[in-house]
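Engineer: What follows is a predicted structure for the sequence shown.
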There are 2 protein chains.
Amino acid sequence: MRRLGIGIDVGGTFIKAAAVTPTGRLLRQQQLPTLVSQGPSSFVARVSALLRSWNGSALRAAALGLGLAGDVDSASGRLRFSPNLPGWEGFDFKRAFRRSLRRAVLVENDANCAVWGAYVTELKRRPRHVVGVTLGTGVGGGLILGGRLYRGATGSAGEIGHTMVEGGGARCHCGARGCLEAYAGNYGIVHTARKLLRRDPRGGRVLRSLCPDLGELTPRHLTLAADRGDAVAREVWRRTGRLVAVGLSNMVLVLNPDVLLLLGGVSRAGHWLLDPIRRVLAEQPFRTHFGHVAVRMAANHNGGCIGAALLALENKDPR
Amino acid sequence: MRRLGIGIDVGGTFIKAAAVTPTGRLLRQQQLPTLVSQGPSSFVARVSALLRSWNGSALRAAALGLGLAGDVDSASGRLRFSPNLPGWEGFDFKRAFRRSLRRAVLVENDANCAVWGAYVTELKRRPRHVVGVTLGTGVGGGLILGGRLYRGATGSAGEIGHTMVEGGGARCHCGARGCLEAYAGNYGIVHTARKLLRRDPRGGRVLRSLCPDLGELTPRHLTLAADRGDAVAREVWRRTGRLVAVGLSNMVLVLNPDVLLLLGGVSRAGHWLLDPIRRVLAEQPFRTHFGHVAVRMAANHNGGCIGAALLALENKDPR
């Protein structure tokens, strides 16, 4: 009988649950709304009901991994702080899942899970040192150093999205100014687009026709508009890419990784985002660092639950 | 008979050589001019002659460590690139020392050596994760992760001095703009001071009296003037500290270390530098990271050669 892991990736809007083989193959996957305001007990009950309905695979599961958006205390199985899951802080997820499913659960930061999942399933040669950045509503990160997930002193490592890339810059959801997320998180990208459109009332025609109500603008509209030749949309991606590159360059100088791995929704922008990033990295003076590192985009968007499952399996049965 | 290590710390101006016990105690230390223009062969000959003159301790030495200012290829024992040791790139230090002293030499980046030396001798409890920053002519860094020196993919990790802290900012010696070094390296600090003095021709009286020729200004003058109440000098340290704190905050967010360790000449500025750093760190929104990390200044200025010797001993005889 094969050992399986169950991975549960919890974002502010959706929960993804998956049954995963030890090599990272997805056997079954399902999505639920998070319903943050109903609280963590309701979440545990709904996820447990879902997993019980899976029967076979859930019964065979050797380990359960939970990826939560926020600052996670893995030792206690609690969320210390989360802007995306307000009211869930302090709840003992370990105990709740032990009671409800009679199974231990590994609780981990969601970006760490996503980076680990993408590392195992997409970088087959397992390079030793990888800096992963998740680009979505927020911007998170995860570090693979020496082939293992690096967690730092309190399990809070990898907050690349809140490193400063523009002094005195745009206001970030975290409260600080000039964070990478304030430019490369979905809201930051859209903010840049609206600013450029205000400055140029006759520009961005394709963009305006794709999304007449600019209050509804998303990075997906910007990708479509860039594909169709819209100059404003292309300029938004150039600016975003340049600031992502500043954050990535800082990581390369300090961590000297083999691979920079971009993942998350924004990676759908493809070359519109990747080209300016590569351009900035190619201009950097430190030839050894920047000559060595490869930039990759993760194709699989289920890395979060796959990684949660794999980390739980590894934790139960370390190599 | 005790095992001893010999450490040699090579900067652009001076070489420090030391005989060191495995616990990091300095038994003997001597300084030579580097004489960069005479080339690396002359350097090896002069260091070898010095060590032979030490007789006993050099003969008993089990290992030889060399810390070089620049991008070091430890595997080949060569310097890949160094603005401070021009013409020394590509030279095979391993072979040269084997021939001259019949001893293997470990070649390492000088900031890595300095951070390792300070870690072993000054942080007695050996915290697991430490980010070290060397503040001198240039700004370097070294990472201790999981209790070991982290070298990265090509041995080039730790270039904290060239992470960007001010977009489109001051020109750095590396060629880029806005690097931490461009503000916190000796030349950057002096540059800030001259700028403030130009703007305020009647300000900085103490500073001007201590150093009438502003072409000769050093960080030491700024510390003395700050001690004596000079408002311009104090403002220079405030600005420097704030930008050092930006670079350090980025490291804390990503690496979640136990300790931030400042070392090098500029640390003589003491609280003038430390106070604004602590102030900025205390304002950061990520409470877990910033509540956990301690900021320390290394007192011992011989960390470079001590660390080189200790790394060489460890390399010969790993724990």
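Structural biologist: Done, it's in.

Engineer: how long is stretch A:154-166 from one end to the other?
Structural biologist: 27 Å (Cα to Cα, to the nearest Å).

Engineer: quick one: it to chain centroid distance?
Structural biologist: Remark: stretch A:154-166 is offset 13 Å from the chain centroid, using Cα atoms, centre = their mean, to the nearest Å.

Engineer: Check stretch A:169-188 too.
Structural biologist: The mean C-alpha position of stretch A:169-188 is separated from the chain mean by 16 Å, Cα atoms, centre = their mean.

Engineer: what does stretch A:167-175 give?
Structural biologist: Here stretch A:167-175 shows a centroid-to-chain-centroid distance of 20 Å under the convention Cα atoms, centre = their mean.

Engineer: Same question for stretch A:14-32.
Structural biologist: 16 Å.

Engineer: Just the CA trace of that stretch, in CSV.
Structural biologist: Extracted in CSV, the C-alpha atoms of stretch A:14-32 (Å, rounded to 0.1, in the frame of the first residue of the first chain):
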residue,chain,number,x,y,z
PHE,A,14,-10.1,29.4,-1.1
ILE,A,15,-9.0,26.2,0.5
LYS,A,16,-7.4,23.5,-1.7
ALA,A,17,-7.1,20.0,-0.4
ALA,A,18,-5.2,17.2,-2.2
ALA,A,19,-4.1,13.6,-1.8
VAL,A,20,-0.5,13.4,-3.0
THR,A,21,2.0,10.6,-3.6
PRO,A,22,5.5,10.8,-2.0
THR,A,23,6.9,11.9,-5.4
GLY,A,24,4.4,14.8,-5.6
ARG,A,25,1.8,13.3,-7.9
LEU,A,26,-1.7,14.6,-7.3
LEU,A,27,-4.3,11.8,-7.0
ARG,A,28,-7.3,13.8,-6.0
GLN,A,29,-7.9,17.5,-5.5
GLN,A,30,-10.9,19.6,-4.3
GLN,A,31,-11.6,23.2,-3.5
LEU,A,32,-13.7,24.8,-0.8
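
Engineer: Mind listing residues that contact it?
Structural biologist: With Cβ atoms under 8 Å, 6 or more residues apart in numbering or on different chains as the test, stretch A:14-32 has contacts from A:2-9, A:33-34, A:43, A:46-47, A:50-51, A:54, A:57-58, A:61, A:117, A:120-121, A:302, A:304-306, A:309-310, A:313. Just so you know, the C-beta spots here come from the backbone N, C-alpha and C atoms, and that holds for glycine as well.

Engineer: before we move on, what about stretch A:46-61?
Structural biologist: Defining contact as Cβ under 8 Å, 6+ apart, one finds that stretch A:46-61 is touched by A:1-6, A:8, A:15, A:17, A:19, A:27-28, A:30, A:32, A:35, A:97, A:100-101, A:103.

Engineer: What subset of these is buried?
Structural biologist: Buried members of those, scored by 16 or more other Cβ atoms under 10 Å in any protein chain shown, are A:4, A:5, A:6, A:8, A:15, A:17, A:19, A:32, A:97, A:100, A:101, A:103.

Engineer: Report the central residue of chain A.
Structural biologist: Closest residue to the average C-alpha location of chain A: residue A:134 at 3.2 Å, with Cα atoms, centre = their mean.

Engineer: quick one: secondary structure of it?
Structural biologist: The assignment at residue A:134 comes out as strand when based on DSSP: H, G, I helix; E, B strand; the rest coil.

Engineer: what's the answer for residue A:238, then?
Structural biologist: Applying three-state DSSP: residue A:238 is helix.

Engineer: excluding its backbone neighbours, what's nearest it?
Structural biologist: Leaving aside its chain neighbours, residue A:238 sits nearest to residue A:276 (4.8 Å; criterion: Cβ to Cβ, 6 or more residues apart in numbering or on different chains).

Engineer: Report the contact partners of that neighbour.
Structural biologist: A:237, A:238, A:240, A:241, A:242, A:245.

Engineer: cool, and residue A:218?
Structural biologist: Counting by Cβ under 8 Å, 6+ apart, residue A:218 touches A:186, A:190, A:211.

Engineer: would you list those in CSV and tack on distance to chain B?
Structural biologist: Shown next, in CSV, are those (distance: Cβ to the nearest Cβ, whole Å):
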residue, distance to chain B
A:186, 20
A:190, 21
A:211, 29
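
Engineer: Check the burial of residue A:163 by counting its neighbours.
Structural biologist: Using other Cβ atoms under 10 Å in any protein chain shown, residue A:163 has 27 neighbouring residues.

Engineer: Tell me the spacing between it and residue A:117.
Structural biologist: 23 Å (Cβ to Cβ, to the nearest Å).

Engineer: roughly how far is stretch A:131-148 from the heart of the chain?
Structural biologist: 7 Å.

Engineer: cool, and stretch A:25-43?
Structural biologist: Between the mean C-alpha location of stretch A:25-43 and the chain-wide mean there is a distance of 17 Å, by Cα atoms, centre = their mean.

Engineer: Then stretch A:252-262?
Structural biologist: Relative to its chain's centre, stretch A:252-262 lies at 16 Å (Cα atoms, centre = their mean).

Engineer: cool, stretch A:95-102 as well?
Structural biologist: Chain-centre distance of stretch A:95-102: 27 Å, with Cα atoms, centre = their mean.

Engineer: again, but for stretch A:274-282
Structural biologist: Stretch A:274-282 has its C-alpha centroid displaced from the chain centroid by 21 Å (Cα atoms, centre = their mean).

Engineer: now stretch A:120-133
Structural biologist: 15 Å.

Engineer: Dump it to PDB, restricted to CA.
Structural biologist: Presented in PDB, the C-alpha positions along stretch A:120-133 are these (Å, rounded to 0.1, in the frame of the first residue of the first chain):
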ATOM      1  CA  VAL A 120      10.000  18.800  -5.700                       C
ATOM      2  CA  THR A 121       7.800  18.600  -8.700                       C
ATOM      3  CA  GLU A 122       9.300  21.100 -11.100                       C
ATOM      4  CA  LEU A 123      13.100  21.200 -10.400                       C
ATOM      5  CA  LYS A 124      13.800  17.600 -11.000                       C
ATOM      6  CA  ARG A 125      17.500  17.900 -10.400                       C
ATOM      7  CA  ARG A 126      16.900  19.400  -6.900                       C
ATOM      8  CA  PRO A 127      19.400  22.200  -7.100                       C
ATOM      9  CA  ARG A 128      20.900  22.900  -3.600                       C
ATOM     10  CA  HIS A 129      19.900  26.500  -3.100                       C
ATOM     11  CA  VAL A 130      16.600  28.000  -4.300                       C
ATOM     12  CA  VAL A 131      14.900  31.300  -3.600                       C
ATOM     13  CA  GLY A 132      11.200  31.000  -4.300                       C
ATOM     14  CA  VAL A 133       8.800  33.900  -4.600                       C
END
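
Engineer: Okay, buried residues for it please.
Structural biologist: Applying 16+ other Cβ under 10 Å to stretch A:120-133 flags A:120, A:121, A:122, A:123, A:127, A:129, A:130, A:131, A:132, A:133 as buried.

Engineer: Let me see the ranges of the helices in the stretch 201-319 of chain A.
Structural biologist: A:205-210, A:219-227, A:231-255, A:271-282, A:287-292, A:303-316 (DSSP state H, counting those that start in this stretch).

Engineer: circling back: please identify which of the contacts of residue A:218 is nearest to residue B:280.
Structural biologist: Proximity of the contacts of residue A:218 to residue B:280 (Cβ to Cβ) peaks at residue A:186, which lies at 28.2 Å.
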